[in-house]
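Asker: below is the structure, and that's it, no one-letter string:
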């Protein structure tokens, strides 16, 4: 029996906002999995296409994933951050295992960014292990890792909710989350079972749906209290939109990637058929004594001969392939459109772009990423605040995203201009700091060490001395001229 999704008395009920984006979330999920086990859905069987031909066509059409690498590239730009010094001690102690699954904070947040860029939003729970009987001391709690931890929630598993807005801030009254668990089955097997976790301020329940007397019912299997006066859940989205609303931000890229797959399938079929010419012969006599008449096999090869009877003919029917160029051009046009939506301006995927086009695309993407960086900082601060509500610590802390990595790298012309002016218009230290800020130098370069090394080189001292002489000559020639600011 199919689990009901329209019964408002069951935790499996799907909220209307969920249903509005269900198809789009399914599309981006398929692309994220690179169409594993679902390529047939996007390359359906043509009318009257033989099964073997259809299967061969699927095998001849590889999927060129443009969606997933683009999102991972964007998320990677947001992965450079530092934890603030006033962050609670219990949080800093858990940085290398923030989810009790061995995942460090950087990896956890990067995976979360990928989910948000893919789906338009994701949830995060700040959980605390269920208290065990006889555990009272702090030492016992530390030994058993009785501490808060983070749990990322896929948007597809947030099924229904009730939210009130007080002074513009969302207050969760209840939130139902679908959980998939692997449980033992038989001696060696496992089976996946579905549960529904319902969160309320200060408490939670876990239900399993079962058919009892031919009717679906929610059976309570677990319950407990959180000790908080709110649901320890936060929504993380690409924009300041309403909670659990909004389409995936790269939906256009996802659709273009599917169209690209279909165009490539058509192009491959045209090439396949055009590369298989059909041989024919006309006037060949049948094999004597055969009824119905049968004809001798046509042998093609360097060691075979074709006997053509009088007034007979043999030849090849070869397709002209007039559609190849048009299909190829259309496919390349699609690839260019996908590059414009993705990170091609950073990776050099579009060599034909002008400098102005690159700058415009870069500015638009930087603006979106910087907004997301600020929302990421706000999210982490809120999660840390929930964390310290469990631990009783005062300061929560947070993170600061390095926004300089979101800027375009310095061009070789700009870098040359900086290098030409080092020691003349500004100091070596300022020049090196500018190069590092503009990502022309690796982030691990130690500016202080480089300055000391330059000062210890005779050539560097000579260059600085010559520069000082030129500046002094300028002052003597034009006393009113103001020296350049260092």
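Answerer: Cool, the structure landed. A quick note: this is a predicted structure, and the numbers were derived from the prediction, not measured.
Asker: looking at this, residue 314 is in a strand?
Answerer: Yes - applying DSSP: H, G, I helix; E, B strand; the rest coil, one finds residue 314 inside a strand.
Asker: can you count the residues close to the nearest residue in space to it that is not next to it in sequence?
Answerer: Excluding the flanking residues, the one nearest residue 314 by CB to CB, 6 or more residues apart in numbering is residue 281, at 4.2 Å. The C-beta positions use only the backbone N, C-alpha and C, and glycine is treated the same way. With neighbours defined by other CB atoms under 10 Å, the count for residue 281 comes to 16.
Asker: do the one 10 residues further on as well
Answerer: The number of residues packed around residue 291, counting by other CB under 10 Å, is 6.
Asker: can you tell me which helix or strand it belongs to?
Answerer: Assigned by DSSP states H and E, residue 291 falls within no helix or strand.
Asker: give me the element the residue nearest to residue 314 is part of.
Answerer: Going by DSSP H and E, residue 281 is in strand 278-282.
Asker: on the three-state scheme, residue 72 is what?
Answerer: With three-state DSSP as the basis, residue 72 sits in helix.
Asker: again, but for residue 383
Answerer: Residue 383 ends up helix, using three-state DSSP.
Asker: over to residue 295?
Answerer: Residue 295 is classified as coil under three-state DSSP.
Asker: buried set for the longest strand anywhere in the chain?
Answerer: Taking DSSP state E as the criterion, the chain has its longest strand at strand 169-185. The neighbour-count check on strand 169-185 (16 or more other CB atoms under 10 Å) flags 172, 175, 176, 177, 178 as buried.
Asker: with stretch 14-27 instead?
Answerer: Within stretch 14-27, the residues that qualify as buried by neighbour count (16+ other CB under 10 Å) are 17, 18, 21, 24, 25, 27.
Asker: over to stretch 374-382?
Answerer: Residues 375, 376, 377, 379, 380, 382 are the ones in stretch 374-382 that count as buried (16+ other CB under 10 Å).
Asker: most centrally placed residue in the protein?
Answerer: Nearest residue to the geometric centre of the chain (CA atoms, centre = their mean): residue 71, 3.2 Å.
Asker: pretty sure it contacts residue 250?
Answerer: Yes - counting by CB atoms under 8 Å, residue 71 touches residue 250, with 6.3 Å between them.
Asker: identify the contacts common to the two.
Answerer: When contacts are counted by CB atoms under 8 Å, 6 or more residues apart in numbering, residue 71 and residue 250 have 117, 118 as shared neighbours.
Asker: just the buried residues of stretch 374-382: which has the poorest pLDDT?
Answerer: For the buried residues of stretch 374-382, the weakest pLDDT value sits at residue 375, with 91.
Asker: thinking it is in contact with residue 241, fair?
Answerer: No - contact criterion CB under 8 Å: residue 375 and residue 241 do not qualify, at 10.9 Å.
Asker: show the contacting residues for residue 41.
Answerer: Residues counted as contacts of residue 41 (CB under 8 Å, 6+ apart) are residue 30.
Asker: what helix or strand is it located in?
Answerer: Taking DSSP H and E as the definition, residue 41 sits inside helix 39-42.
Asker: again, but for residue 91
Answerer: In this structure, residue 91 is located in helix 89-93 according to DSSP H and E.
Asker: helices or strands next to that helix in the packing?
Answerer: On a contact count with 3 or more CB pairs under 8 Å, 6 or more residues apart in numbering; DSSP states H and E, helix 89-93 meets helix 355-391.
Asker: which helix or strand lies directly C-terminal to the helix it packs on?
Answerer: Downstream of helix 355-391, the first helix or strand assigned by DSSP H and E is strand 399-401.
Asker: helices or strands up against that following strand?
Answerer: Judged by 3+ CB pairs under 8 Å, 6+ apart, strand 399-401 is in contact with strand 81-83, helix 355-391.
Asker: returning to what we had before: can you lay out the buried residues of strand 169-185 as JSON lines showing pLDDT and distance to residue 429?
Answerer: Below are these laid out as JSON lines (pLDDT from 0 to 100; distance: CB to CB, whole Å):
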{"residue": "172", "pLDDT": "96", "distance to residue 429": "51"}
{"residue": "175", "pLDDT": "97", "distance to residue 429": "53"}
{"residue": "176", "pLDDT": "98", "distance to residue 429": "57"}
{"residue": "177", "pLDDT": "98", "distance to residue 429": "53"}
{"residue": "178", "pLDDT": "98", "distance to residue 429": "56"}
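Asker: from the residues you listed, pick the one nearest residue 117.
Answerer: Taking CB to CB as the measure, residue 117 lies nearest residue 177 of the buried residues of strand 169-185, at 21.2 Å.
Asker: go ahead and confirm the closest one touches residue 197.
Answerer: Yes - with contact defined as CB under 8 Å, residue 177 and residue 197 form a contacting pair (4.7 Å).
Asker: mind checking how far the residue lying farthest from the centre of the chain is from residue 283?
Answerer: Distance from the centre of the chain peaks at residue 289, with 69.7 Å (CA atoms, centre = their mean). According to CB to CB, to the nearest Å, residue 289 stands 19 Å off from residue 283.
Asker: show me what counts as buried in stretch 387-400.
Answerer: Across stretch 387-400, burial judged by 16+ other CB under 10 Å covers 387, 388, 389, 390, 393, 396, 397, 398, 399.
Asker: so can I have JSON lines of these showing distance to residue 113 and pLDDT?
Answerer: Listed next are the buried residues of stretch 387-400 as JSON lines, based on distance: CB to CB, whole Å; pLDDT from 0 to 100:
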{"residue": "387", "distance to residue 113": "20", "pLDDT": "97"}
{"residue": "388", "distance to residue 113": "24", "pLDDT": "96"}
{"residue": "389", "distance to residue 113": "25", "pLDDT": "95"}
{"residue": "390", "distance to residue 113": "25", "pLDDT": "94"}
{"residue": "393", "distance to residue 113": "26", "pLDDT": "94"}
{"residue": "396", "distance to residue 113": "21", "pLDDT": "92"}
{"residue": "397", "distance to residue 113": "20", "pLDDT": "94"}
{"residue": "398", "distance to residue 113": "16", "pLDDT": "95"}
{"residue": "399", "distance to residue 113": "12", "pLDDT": "96"}
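Asker: tabulate those residues (JSON lines), appending distance to residue 115.
Answerer: Converted to JSON lines, the buried residues of stretch 387-400 look like this (distance: CB to CB, whole Å):
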{"residue": "387", "distance to residue 115": "20"}
{"residue": "388", "distance to residue 115": "25"}
{"residue": "389", "distance to residue 115": "25"}
{"residue": "390", "distance to residue 115": "24"}
{"residue": "393", "distance to residue 115": "28"}
{"residue": "396", "distance to residue 115": "23"}
{"residue": "397", "distance to residue 115": "23"}
{"residue": "398", "distance to residue 115": "20"}
{"residue": "399", "distance to residue 115": "18"}
